[in-house]
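[1] Need a 3D model of the following:
(2 chains)
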Amino acid sequence: MRLGALLAAVCLVVAGPSRADEAFVTNQSSDDLSVIDLASGKTLATIPIGGRPAGVAVSKDGARVYVTSPEGKALNVVDAAARQVVAKIDVGGGPLGVAAHPSGSLVYVADWYAHKIHVVDPVARKVTGSIEVGLSPSGLAVTPDGKLLLSADRDSNEVSIVDVASAKRVAQLRVGDRPFGVTIDAKGERAYTANVATNDVSVIDIAARKVVGSVKVGDRPYAVALAGGRGFVTDQYQEQVSVFDLSSLKPVATIPVGEYPEGIEASRDGRFVYVSNWFSNTLSEIDVATLKVTREMTTGNGPRSFGSFIRVTP
Amino acid sequence: MKLQLLAAAALVLGAAGAADAHGPTRQKTEQKVEINASPDKVWKVVGNWLDMSWLPPVEKTEGDAAAEKGAKRKITLKGGAIVEEELNQYAADKMMYSYRITNVDVKVLPVSNYSSKIIVKGEGDKTTVTWDGAFYRGFPNNDPPPELSDEAALKAVSGLYRAGLDNLKKKVEGGS
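    Purely as a prediction, here's the structure:
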């Protein structure tokens, strides 16, 4: 038993450094992707992308990172471990939001101009279908069970709920004005949209297909992260993150971050929230327990990280 | 009458779309100038929210005297074009304010969803003024014409800031 414990300790030590999360940050102005080690805060690699990268989705197994190039009209498939673009799939239009199905077999790409979602087979490297949604779909998210896809249709002021199996929209929910990011909780029960024009977050009961609440936040909210029973919202025009309680839907705090905070996501263990500051070219780390910024890391120029950008290394 | 209603609805929808829709790539610019004067002296000029006469194309500035969040100003340019703006934040203690454009013709400034911040920092007789802008191109859809492209937007705003800051320096240092 003693030996067992010792071995386990050795394994932990060995596994320690390589198990740190990594952030894959889309830098729109410098046209590349920063890979940042969240343990050391150092940039491990900068991967050239092109086409003004914006949207990002890390596959569930952490092997692939999908990056949209809205000006290049393409979806880039990145080998996360090799730090290389392995495919550039032409999808046309204005690809922006992106989400990976938990099975790994499908990737959804929102077309900002064509008002539909492209269904992409990342292995065959081609578009296999499309799903009609509302106007200017932006943020996308798939429920953890892989059955439903949610799309924030910015210019319809709606969220579309799509049945993945039939690739058909099954519900349209009126949310606040100009919803941009959409985030689903770990149980797949609720979804949260950041509504750019009404400065609030809409709370959706996914099973009931109903908006069950809304929370006032700061100016021009971009996206929502969930950690420690709280919602964290980037307020682009206020250089801050608004925090609210997920049960009471009451405001808890505001945390000053960099200028034009945009993409935001919690670490898998829920201890930290990471924020891309588009104007400042930094990634802020927020301690979920103390609600304080603990670190500022340097990114490329114009980090947006719109989507899921944190990879848990295997 | 039905047709009229429809036309009116289309107009309203069209207007709302034009105001809010934008391209996929936000642009940014930052311009600075060093002025040989105290920060207080520079802020006296820059911080006067209702006098943009230091910016060369400006003819007159009118609006809400109380410089606070939500205050509005209307800037008339030489030649008659109008730019409407709204204060986002005004902090005299930090010598900064931020604002957004609520209405401008893309023929005047080829941008949309424009927001900006101007900040004065310095010590003794050396002051730096930093002017930051964030905006989308003037054309909200795919494949913009050259005059409404990302590059055109960036060039226009950077050029405007440069001209403004250089003139500000001249004005403050010249004592006029």
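
[2] closest point of chain A to chain B, which residue?
    Nearest residue of chain A to chain B (C-beta to the nearest C-beta) works out as A:Pro70 at 3.5 Å. For glycine as for every other residue, the C-beta is placed from the backbone atoms N, C-alpha and C.

[3] what's near enough to touch that residue?
    A:Pro70 makes contacts with A:51-52, A:54-55, A:94-96, A:112, B:24-25, as judged by C-beta atoms under 8 Å, 6 or more residues apart in numbering or on different chains.

[4] Now it. Nearest residue, chain neighbours left out?
    Of all residues beyond its chain neighbours, the one nearest A:Pro70 is B:Pro24 (3.5 Å), with distances taken as C-beta to C-beta, 6 or more residues apart in numbering or on different chains.

[5] ok, now A:Gly213?
    Distances taken as C-beta to C-beta, 6+ apart put A:Val203 closest to A:Gly213, at 4.1 Å, once the chain neighbours are dropped.

[6] does that neighbour have beta-bridge partners, and which?
    Bridge pairing for A:Val203 (DSSP bridges) gives the partners A:Tyr192, A:Gly213.

[7] So what's the residue count around it?
    Number of residues near A:Val203 (other C-beta atoms under 10 Å in any protein chain shown) recorded here: 21.

[8] State the distance from it to A:Glu262.
    21 Å (C-beta to C-beta, to the nearest Å).

[9] Dihedrals phi and psi, the closest residue to chain A within chain B?
    Using C-beta to the nearest C-beta, the single residue of chain B nearest to chain A is B:Pro24, 3.5 Å away. Reported as degrees, to the nearest 10, the phi and psi values for B:Pro24 are phi -90, psi -10.

[10] The residue nearest to A:Pro70 contacts A:Trp112, doesn't it?
    Yes - B:Pro24 lies in contact with A:Trp112 (C-beta atoms under 8 Å); the separation is 5.6 Å.

[11] shared neighbours, the two?
    By C-beta under 8 Å, 6+ apart, B:Pro24 and A:Trp112 have these common neighbours: A:70, A:94, A:96.

[12] For the closest residue to the second one other than its chain neighbours, give me the pLDDT.
    The shortest distance from A:Gly94 to any non-neighbouring residue, by C-beta to C-beta, 6+ apart, is to A:Trp112 (3.8 Å). Predicted confidence (pLDDT) for A:Trp112: 93.

[13] so which helix or strand takes in the nearest residue to A:Val201 once chain neighbours are set aside?
    Closest residue to A:Val201 apart from its sequence neighbours, by C-beta to C-beta, 6+ apart: A:Val215 at 4.6 Å. Per DSSP states H and E, A:Val215 falls inside strand A:210-216.

[14] list the buried ones in that strand?
    A:211, A:214-215 (16 or more other C-beta atoms under 10 Å in any protein chain shown).

[15] For those residues, give me a markdown table that also has pLDDT.
    Formatted as a markdown table, those follow (pLDDT from 0 to 100):
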| residue | pLDDT |
| --- | --- |
| A:Val211 | 98 |
| A:Ser214 | 98 |
| A:Val215 | 98 |
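
[16] which one of the residues you listed is nearest A:Val78?
    A:Val215 (34.1 Å; C-beta to C-beta).

[17] so the closest one sits right up against A:Val224, yeah?
    No - in this structure, A:Val215 is not within contact of A:Val224 by C-beta under 8 Å, at 9.5 Å.

[18] list residues touching both of these two?
    With C-beta under 8 Å, 6+ apart as the test, A:Val215 and A:Val224 both reach A:201, A:231.

[19] How about the residues of chain B by chain A?
    Selection of chain B residues close to chain A by C-beta under 8 Å from any C-beta of the partner chain yields B:17, B:20-21, B:24-28, B:88-89, B:98, B:100, B:115, B:117, B:132, B:134, B:141-142, B:150.

[20] Just the ones of the residues you listed in strands?
    Members of the residues of chain B next to chain A lying in strands (criterion: DSSP state E): B:27-28, B:88-89, B:98, B:100, B:115, B:117, B:132, B:134.

[21] How about the contacts made by residue 30?
    If you meant another chain, say so; for now it's chain A. A:300-302.

[22] wait, I meant chain B there
    Contacts of B:Glu30 (C-beta under 8 Å, 6+ apart): B:130-133.

[23] could you point out which element follows the helix or strand of chain A with the lowest mean pLDDT?
    Of all helical and strand segments in chain A, the minimum by mean pLDDT, DSSP states H and E falls on helix A:2-18, at a mean of 44. Under the assignment DSSP H and E, the closest C-terminal helix or strand after helix A:2-18 is strand A:21-27.

[24] For that following strand, name the packing helices and strands.
    strand A:32-37, strand A:55-58, strand A:64-69, strand A:310-312 (3 or more C-beta pairs under 8 Å, 6 or more residues apart in numbering or on different chains; DSSP states H and E).

[25] Excluding chain neighbours, give the residue nearest to A:Val273 in space.
    In space, A:Val273 is closest to A:Ile286, 4.4 Å off (C-beta to C-beta, 6+ apart).

[26] Walk me through which strands whichever helix or strand the one you found is part of pairs with, and which way each runs.
    For A:Ile286, the element it lies in under DSSP H and E is strand A:282-287. With DSSP bridges as the test, strand A:282-287 is paired with strand A:272-277 (antiparallel), strand A:292-298 (antiparallel).

[27] and it, which residues are buried?
    Taking 16+ other C-beta under 10 Å as the criterion, strand A:282-287 shows A:282-286 as buried.

[28] Tabulate the strands paired with strand A:282-287 in TSV, adding columns for distance to A:Val127 and mean neighbour count.
    Converted to TSV, the strands paired with strand A:282-287 look like this (distance: least, C-beta to C-beta, whole Å; neighbours: other C-beta atoms under 10 Å in any protein chain shown):
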stretch	distance to A:Val127	mean neighbour count
strand A:272-277	28	27
strand A:292-298	35	15
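
[29] Tell me which of these sits nearest to B:Val33.
    Closest among the strands paired with strand A:282-287, using C-beta to C-beta: strand A:272-277, at 24.4 Å.

[30] Now tell me what touches the closest one from outside.
    Contacts of strand A:272-277 (C-beta under 8 Å, 6+ apart): A:23, A:25, A:38, A:225, A:227, A:232, A:234, A:241, A:257-267, A:282-288, A:294, A:299, A:303-305, A:309-310.

[31] just stretch B:124-135 next, same as before
    A:259-260, A:278-279, B:26-39, B:41-42, B:46, B:111-122, B:153, B:157-158, B:161, B:164-165, B:168.

[32] what's the answer for stretch A:169-181, then?
    With C-beta under 8 Å, 6+ apart as the criterion, stretch A:169-181 contacts A:131-134, A:138-139, A:152-163, A:193-198, A:200-202, A:204, A:209-211, A:214, A:221-224, A:264, A:306, B:20.

[33] I'd like to know which of those are buried.
    The buried subset of the contacts of stretch A:169-181 - by 16+ other C-beta under 10 Å - is A:131, A:133-134, A:138-139, A:152-162, A:193-198, A:200-202, A:204, A:211, A:214, A:221-224, A:264, A:306, B:20.

[34] circling back to that earlier point, of the contacts of A:Pro70, which one scores lowest on pLDDT?
    Least confident of those in the model: B:Pro24, at 87.
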